[in-house]
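Chemist: Would you be able to build a 3D model of this:
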Amino acid sequence: MKTYFRPIKRREFIKKSMAGGAVFATAPIWKLFSHSLPPSDLTSNPPIDLDKETLSKLLLAALQNGGEFAEVYVEYNVSNSIGLDENKIRAASRGVDMGVGIRVLQGEKTGYAHTDDLSLEKLEETARVAGLIASGKIEGQSISLKEREIPDYYLVETSPDSIIPQDKAKLLWKANSVVRAYDKRITQVGASFSDTNKKIIIANTEGVYVADDQTISRLIVSASAFEKGKRSRGYAYKGGTLGYEHYDLKAAEELAKEAGRIAITMLPAEDAPAGEYPILLAKGDCGTFFHEAIGHSLEGDGARRKTTCFWDKKGEMIASKIVSLADDGTVPGKRGSINVDDEGTPSQNTVLIKDGMCTGFLYDKLNAKLMNTQSTGNGRRESYQHYPIPRMTNTYLMAGNDDPEDILKSVKNGIYIKNIGGGNVSPTTGRFVFSVPEGYMIEDGKITTPLKGIQLMGNGPDVLKNITMVGPDLEILGGGTCGKAGQGKPVSDGNPTLKVAKITIGGARIRRS
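Modeler: Next up is the predicted model:
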């Protein structure tokens, strides 16, 4: 019986890892992984053993030239993925990465260095390099680390890392068969399951010591359809800070049917009309708009640098009175949920807009200090190779009181947006362009013709003021990776059903009168 890796002792693993800091295995041949189990030594006993005494020494070494603050971030990460395409398991992979990042702050300056060599000599050298940003000697300083208790917002009973690839593949095969049986016009099916399992330790000169075990998983199904020269695509997924107990054959079947439904429904879609229309945004799947067009403009680094359209709007009305927006890292099981951020600050629910008024921004430690405020628990980093910056977690428009049926009936000639895809946004100006994978005409208060090629174009601040109805049916979905400053980070977003009185639609045909 073949296995992923030959089990090795922790010391041997460290020795082998020092050359590159990572182990990655991949195999396009399914047989190699058909009955393999991840080695328990790697998952239950990660080969990073930095005690509080060692961490304190590293913090002191980082402050050798002075500095106002120092931090050590330790990471051990195991990632798995398996994918199906064209009726075949195309690849199964497993990666192990670990390393340490050390940061020193002095004023607005940040010194940062990282290493995947875990020898004490190399770690101390890394600390000294990070400390070069500072000036002025500190005499007689000592650091006493105290472990901080943290809440648990993850819904994990069974780690996906403990599940053999063969069992994960059963989900993919189920999805594949269900989608292909859904309609004969479906020509291509893809499915994948991925999970990352990360342990982090954070220690800093404020005496904070935090350890957190983080799991993120996701099951994705896609379907492509073709008929009489027309093509369409459907996509569905389930994911979050979820254990493997949240995935089964029924979940795979439901995702497959949804991907198939979208592909077939959008197959006869007509070109979208161009012009200014009222739109109705469906619950849950349109939260991407608020993450991109609004959330990035409310991050603390942009506010401090005066590079966002809302930097000077705190305490002012920036939206209609029925609009409230939050970023909440404490929602159980969501992809953007965190027990603590990557600086060791506990996660929290931050209201950014309340009844139309701008009430605050998202902060990490550095930007909060420079703005004379407190961190909101939004200091996040992609890995030990990056220093933290203000990032969103789960961003959503809060629920209102309007009946969703009344919202639909209020639109006589408009566009129904079922979900929002990718796009481009400028936090400085608020200008945006979004694509819409699934949208429909609304005629006399009823959803009618499916549309393709819808582009939402406009300005975030203007849209906030044009929201005229908000339903009570908030759903937080999302499941993407937010990119900022070269770093990717898992996030979720959401919204209730809502109406925007007018917005510009980019389409291929002239608006119908």
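Chemist: My guess is Glu343 contacts Asp364. True?
Modeler: Yes - between Glu343 and Asp364 there is a contact under Cβ atoms under 8 Å: 6.2 Å. Glycine gets a C-beta too; all of them are placed from N, C-alpha and C.
Chemist: joint contacts of the two?
Modeler: Shared contacts of Glu343 and Asp364, defined by Cβ atoms under 8 Å, 6 or more residues apart in numbering, are found at Ser375, Gly379, Pro388.
Chemist: any chance of the residues you listed in JSON lines, with secondary structure and pLDDT too?
Modeler: Shown next, in JSON lines, are the shared contacts of Glu343 and Asp364 (DSSP: H, G, I helix; E, B strand; the rest coil; pLDDT from 0 to 100):
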{"residue": "Ser375", "secondary structure": "coil", "pLDDT": "98"}
{"residue": "Gly379", "secondary structure": "strand", "pLDDT": "98"}
{"residue": "Pro388", "secondary structure": "coil", "pLDDT": "98"}
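Chemist: ok, so of these, who is nearest Gly315?
Modeler: The nearest member of the shared contacts of Glu343 and Asp364 to Gly315, counting by Cβ to Cβ, is Ser375 at 20.4 Å.
Chemist: Do I have it right that that closest one meets Lys365?
Modeler: Yes - with contact defined as Cβ under 8 Å, Ser375 and Lys365 form a contacting pair (5.0 Å).
Chemist: list residues touching both of these two?
Modeler: Glu343, Thr345.
Chemist: show me the contacts for Ile82.
Modeler: Neighbouring residues of Ile82 by Cβ under 8 Å, 6+ apart: Phe33, Ile89, Ala91, Ala92, Ser93, Pro165, Lys168, Ala169, Leu172, Ser192, Phe193, Ser194.
Chemist: out of the residues you listed, which is most surrounded?
Modeler: Phe193 (28 neighbours; other Cβ atoms under 10 Å).
Chemist: Spatially, and excluding backbone neighbours, which residue is closest to that residue.
Modeler: Nearest residue to Phe193 in three dimensions, chain neighbours excluded: Lys168, at 4.7 Å (Cβ to Cβ, 6 or more residues apart in numbering).
Chemist: quick one: the one you found is in a helix?
Modeler: Yes - judged by DSSP: H, G, I helix; E, B strand; the rest coil, Lys168 forms part of a helix.
Chemist: contacting residues around it?
Modeler: By Cβ under 8 Å, 6+ apart, the contact set of Lys168 is Asn80, Ile82, Pro160, Phe193.
Chemist: how far away is it from Glu276?
Modeler: 47 Å (Cβ to Cβ, to the nearest Å).
Chemist: Kindly report the same for Ala399.
Modeler: 27 Å.
Chemist: Settle it for me: which of those two has more neighbours?
Modeler: Just comparing Ala399 and Glu276: by other Cβ under 10 Å the higher neighbour count belongs to Ala399, 18 against 12.
Chemist: How about the more buried one: what's its closest non-neighbour residue?
Modeler: Leu474 (4.2 Å).
Chemist: same thing with Ser383?
Modeler: In space, Ser383 is closest to Glu75, 6.1 Å off (Cβ to Cβ, 6+ apart).
Chemist: Correct me if wrong: that neighbour contacts Gly99.
Modeler: Yes - counting by Cβ under 8 Å, Gly99 is a contact partner of Glu75 at 6.1 Å.
Chemist: Show me the common contact partners of the two, please.
Modeler: Common neighbours of Glu75 and Gly99 are listed as Ser383, Tyr384 (criterion: Cβ under 8 Å, 6+ apart).
Chemist: Which residue ranges of the stretch 101-250 of the chain form strands?
Modeler: Taking DSSP state E, counting those that start in this stretch as the criterion, the stretch 101-250 of the chain carries its strands at 109-115, 146-147, 186-204, 208-227, 230-240.
Chemist: got the angle between the fourth one and strand 230-240?
Modeler: By that I understand strand 208-227. Between strand 208-227 and strand 230-240, the angle comes out at 160 degrees (axes from the mean of the first three to the mean of the last three Cα atoms, to 10 degrees).
Chemist: If you average the pLDDT over whichever strand or helix holds Ala70, what comes out?
Modeler: In this assignment (DSSP states H and E), Ala70 forms part of strand 69-85. The pLDDT scores in strand 69-85 average 97.
Chemist: which stretches of this protein have low pLDDT?
Modeler: In the predicted model of the chain, residues 1-49, 137-140, 508-513 satisfy pLDDT under 70.
Chemist: would you list every one of the helices in it?
Modeler: For the chain, helices defined by DSSP state H occupy the ranges 10-17, 40-44, 52-62, 120-131, 165-182, 249-265, 288-289, 300-305, 365-370, 404-409, 460-465.
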